[in-house]
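Student: One predicted model, sequence on top.
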Amino acid sequence: MIMADTRGSLAPTDIELVLLLLSRGSAAARARWEARLAKEGPGPLLDAPELAERLLTIRTLIAPSEALFLYVMVRQALRAEGVDDANLADYLAALLLAFGQRDRAWRVDWNDDHRHSYLVDIVADLDATAGDRRFKVMAHLGNYALWIAGIFPDYIAARRVRRGGPGLGYYDSLGRRGYALAADHALADRLGLESVFRTAAERFDVVRGALTTLSDRVFFPHVVTADRLERARHRGDGLLA
């Protein structure tokens, strides 16, 4: 089960890197950030507007860590769209971390034997299962819809042209349904995910758009399609900010 725990997985080396990037060699600036860290925790540091750009400038195979990079990028992308929810950013960063590994995106859980390549398969699984696994399938319906539509919208556009596949509205509808069902399940409250799923359901299209902006500008910046050019025209030029 994917949890909103990305911030909790950050190592001391991650916080040290953040301090270095924010202070930029200034002892006075570092002292101010260290004082905020001691008083308020890492939240204000991770929310610093300049941190995302500075992480991008030092992006290598070893630094920053995947958890630090994804949390900061997702958090900033969401805030740019008016979604100021650190717990949701925490969850979505964990989602991207998990779904980026092997075939995890196609499975309800790592140890689940079923592989789903299409949303309709997840819906069929939802109708056929019960118990705790049903909750996981609900969440997976939202997760998979958001993963495909948010990170790979050009894949959806290409399938729609070649095979008459569904558009983004279909993904929004089913993704919203999955998260809404998961939010209403007793396990969501027990796991501390009720508000995360509720916000994801209520603002699915906005969250999806934030992830697409992140995908376009950071994950796949050199891919050019007609749909991407149209998205860029609506957003305007510029770096993630």
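Tutor: That came in fine, so what should we check first?
Student: In space, what's closest to the residue positioned nearest the centre of the chain - neighbours in sequence excluded?
Tutor: In the chain, the centroid-proximal residue (CA atoms, centre = their mean) is Leu92; its distance is 3.1 Å. Closest residue to Leu92 in three dimensions, ignoring its sequence neighbours and counting by CB to CB, 6 or more residues apart in numbering: Val74, at 4.9 Å. C-betas here are computed from N, CA, C, even on glycine.
Student: Same check on Arg235?
Tutor: In space, Arg235 is closest to Thr213, 6.6 Å off (CB to CB, 6+ apart).
Student: okay but the one you found is in contact with Gln76, surely?
Tutor: No. With contact defined as CB atoms under 8 Å, Thr213 and Gln76 do not form a contacting pair (10.0 Å).
Student: For the longest helix belonging to the chain, buried residues please.
Tutor: Looking across the chain with DSSP state H, the single longest helix is helix 131-151. Residues 133-151 are the ones in helix 131-151 that count as buried (16 or more other CB atoms under 10 Å).
Student: And stretch 10-25, by the same measure?
Tutor: 10, 14-15, 17-19, 21-23.
Student: Looking at those, which one is closest to Asp113?
Tutor: Leu10 (32.7 Å; CB to CB).
Student: The closest one touches Phe69, doesn't it?
Tutor: No. If you go by CB under 8 Å, Leu10 and Phe69 don't touch, sitting 10.8 Å apart.
Student: so what are the domain limits for this protein?
Tutor: Split into domains by automatic domain parsing, the chain comes to 1-101, 105-241.
Student: okay, now Asp113: neighbour count?
Tutor: Other residues lying near Asp113 total 7 when counted by other CB atoms under 10 Å.
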